[in-house]
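> Build the 3D model from these lines:
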Amino acid sequence: MKGQQCQRLLWCANKHLLPKPSLSDQHKFNQGHDFEVYVYHLFPNAVNLSNLRGIENINKTKEAIKQKKTIFEAGVQFQDLFIRADVFEPDKDGWNLYEIKSTTKVKPQHFPDLAFQKYVLEKAGLKINKCFVLFLNKDYIKKEQINPKELITKEDVTEQVALVPNIEENANKYLEIIKAEDEPPMKISANCNKPYPCSLKEHCWGTLPTNNVLHLTNWRQYWTFFHQGIIDIKDIPKETELKPKDEVIRNAVLKCQIVMSKEKIKDFMNTLQYPLYHFDFETFDTAVPIYDKSRPYQKIPFQYSLHIQHEDGKLEHFEYLADGSEDPRIKLLEQLKNEIKGTGSVIVFNKSFEIMVLTKLAEDFPKHKAWIQDVLGRIIDLAFPFQNFYYYCPSQKGRYSIKKVLPAITGKGYDNLEINNGAEASVQYFNSHIKEKLPDKGLREHLLKYCCLDTEGMVWIVDELKKLIG
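Next up, the predicted model:
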């Protein structure tokens, strides 16, 4: 699968040269393992070979195949090709092959994965009748004990797997890459982000000019430029017509200055109604829900920061950080309900996230629905003027997240914080408070400082926008 994405990625993985997985990536891997535990309940008589490696796994697989037993992590080798099947199940005159995926739907990248497994198994003399993907039921709601039969969805993908081309050809090509002494050349393309962000992307893209065409918003156009050898924004021919947002980016780069529309910023600012409730959630999610009234990968809010900015300049700050002893949503809601009152705009940055979390809270805790609906109706997205490029600084590099906007417009940022991004905050909280149940006072302080800066930063941004329009 690495070879399908990038030959250099495959070569570096085989040589153990890939960067260490991030905390966020490791959390995702762990979710897959946690999901597997529940899949195993569907096959109670299976032989579990997941703790065996190499020749021992292969030999034990042969024994179980002779006995016509269902096998977890069946290892089969044909010449230089080796696979481990998540679930291998006897069926009439052949076998069924299952791939366990901790996703909420079947994805295109699942088919070549299964197709390679099927190819090796058939070359080894085993008849494959059906191919299945086992994945999470996105509509499953936890009620007391997890019910594996309701949690897990099975989909027959035999036909899709049969359509995957060039399995043998690719297998031979990838073997040659693995055995090669020299590293394959760097190849930057759309594959750097699909089906997953490549772990080498930061290194490869770091070789590009500071203001490169991949910062543009029109991805079809910027890949056309890139493949034509036009890499730096300043090298785009002057006569080339760009989308309005990309024209702003080009102008800012060529002039080495901020580009803005004071009139449009003023129109946006006129939509704000004081007091301003600057608000931000931090959440975690798990593949298998751990709280009643929650679903697979539902964003569970465990923390928030709230800065209330009054028209006379007065500023109040409130915050919440769960202790990990119980479902954090109930206490969080009860406290927040006492702090966001009356009238005034609720300011968030990238509103889709907060709207999604609040909407789910209204579904799961209907007694708070009326208050949540009121808050939803008052939300203003502070990302809006930046998303629409009413203000753009070249240092944003085509992006409009608060991590890019805050230093661009205020000169302040997140670099000096111990925890400086939401993904890390989420996993740090989950590991310490939920998984290990060993919350550390220092860590809690770092979590509070990070979330606080998200909302204090929004206050600063609003103040700067007010200055810009006079």
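> In the helix ranked longest in the chain, which residues are buried?
Selection of the longest helix in the chain by residue count, based on DSSP state H, yields helix 441-468. For helix 441-468, the neighbour count (16 or more other CB atoms under 10 Å) marks 443-444, 446-462, 464-465, 468 as buried. Quick note: C-beta positions are derived from backbone N, CA and C, even for glycine.
> which element is residue 318 on?
strand 315-321 (DSSP states H and E).
> how far does that strand sit from the chain's center?
In terms of CA atoms, centre = their mean, to the nearest Å, the centre of strand 315-321 is found 28 Å from the chain centre.
> then it to PDB, C-alphas only?
Only the C-alpha atoms of strand 315-321 are listed here, as PDB (Å, rounded to 0.1, in the frame of the first residue of the first chain):
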ATOM      1  CA  LEU A 315     -12.700  41.200  29.400                       C
ATOM      2  CA  GLU A 316     -13.800  38.100  31.400                       C
ATOM      3  CA  HIS A 317     -12.400  34.600  31.100                       C
ATOM      4  CA  PHE A 318     -14.000  31.300  32.000                       C
ATOM      5  CA  GLU A 319     -12.700  27.800  31.300                       C
ATOM      6  CA  TYR A 320     -13.500  24.100  31.900                       C
ATOM      7  CA  LEU A 321     -11.200  21.000  31.900                       C
END
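> who does that strand touch, helix- and strand-wise?
strand 300-309, helix 329-337, helix 441-468 (3 or more CB pairs under 8 Å, 6 or more residues apart in numbering; DSSP states H and E).
> ok, now how distant is the closest residue to residue 256 other than its chain neighbours from residue 458?
Spatial nearest neighbour of residue 256, chain neighbours left out: residue 394 (6.7 Å); criterion: CB to CB, 6 or more residues apart in numbering. According to CB to CB, to the nearest Å, residue 394 and residue 458 sit 22 Å apart.
> mean confidence score for the longest helix of the chain?
Mean per-residue pLDDT for helix 441-468: 97.
> Which elements pack onto it?
The contact analysis (3+ CB pairs under 8 Å, 6+ apart) places helix 441-468 against helix 262-269, strand 276-284, strand 300-309, strand 315-321, helix 402-410, helix 422-429.
> Packing partners of the first one?
By that I understand helix 262-269. Against helix 262-269 (3+ CB pairs under 8 Å, 6+ apart) you get helix 384-387, helix 441-468.
> With distance to residue 174 added, can I get those helices in a markdown table?
Shown next, in a markdown table, are those (distance: least, CB to CB, whole Å):
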| stretch | distance to residue 174 |
| --- | --- |
| helix 384-387 | 41 |
| helix 441-468 | 41 |
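> buried ones in stretch 120-137?
Buried residues in stretch 120-137, counting neighbours by 16+ other CB under 10 Å, are found at 120-121, 126, 128, 131-136.
> gap between the two ends of that stretch?
Start and end residues of stretch 120-137 are separated by 30 Å (CA to CA, to the nearest Å).
> chain center to that stretch, what's the gap?
On CA atoms, centre = their mean, the centre of stretch 120-137 falls 28 Å from that of its chain.
> can you check stretch 373-392 too?
Offset of stretch 373-392 from its chain centre (CA atoms, centre = their mean): 22 Å.
> For that stretch, buried residues please.
375, 379-392.
> For those, name the two members farthest from one another.
With distances taken as CB to CB, the most widely separated pair in these is 375 and 392, at 30.1 Å.
> picking up where we left off before, could the helices and strands packed on helix 441-468 go into JSON lines alongside mean pLDDT, mean neighbour count and distance to residue 182?
Putting the helices and strands packed on helix 441-468 into JSON lines (pLDDT from 0 to 100; neighbours: other CB atoms under 10 Å; distance: least, CB to CB, whole Å) gives the following:
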{"stretch": "helix 262-269", "mean pLDDT": "98", "mean neighbour count": "15", "distance to residue 182": "53"}
{"stretch": "strand 276-284", "mean pLDDT": "97", "mean neighbour count": "24", "distance to residue 182": "43"}
{"stretch": "strand 300-309", "mean pLDDT": "98", "mean neighbour count": "23", "distance to residue 182": "47"}
{"stretch": "strand 315-321", "mean pLDDT": "98", "mean neighbour count": "16", "distance to residue 182": "51"}
{"stretch": "helix 402-410", "mean pLDDT": "97", "mean neighbour count": "20", "distance to residue 182": "37"}
{"stretch": "helix 422-429", "mean pLDDT": "96", "mean neighbour count": "21", "distance to residue 182": "35"}
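> right, and the ones you listed - which one's nearest residue 17?
helix 422-429 (23.7 Å).
> what's in contact with that closest one?
22-24, 26-27, 282-285, 302-303, 324, 419, 443, 446-447, 450-451 (CB atoms under 8 Å, 6 or more residues apart in numbering).
> Check the gap between residue 337 and residue 154 for me.
41 Å.
> Provide the secondary structure category for residue 82.
strand (DSSP: H, G, I helix; E, B strand; the rest coil).
> measure it to residue 117 for me?
10 Å.
> which of these two has more neighbours?
The neighbour count for residue 82 versus residue 117, taken as other CB atoms under 10 Å, is higher for residue 117 (25 against 13).
> and that one, what helix or strand is that in?
Counting by DSSP H and E, residue 117 is found in helix 110-123.
> Show me which positions of stretch 23-40 end up buried.
Residues 23, 25, 27, 30-31, 35-36, 38-39 are the ones in stretch 23-40 that count as buried (16+ other CB under 10 Å).
> Now these in CSV, please, with extra columns for secondary structure, distance to residue 295 and pLDDT.
Shown next, in CSV, are the buried residues of stretch 23-40 (DSSP: H, G, I helix; E, B strand; the rest coil; distance: CB to CB, whole Å; pLDDT from 0 to 100):
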residue, secondary structure, distance to residue 295, pLDDT
23, helix, 23, 93
25, helix, 23, 93
27, helix, 18, 96
30, helix, 18, 95
31, helix, 14, 95
35, helix, 14, 97
36, helix, 19, 96
38, helix, 14, 97
39, helix, 18, 97
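> can I see the domain layout of this protein?
Residue ranges for the domains of the chain, per automatic domain parsing: 2-177, 208-257, 266-468.
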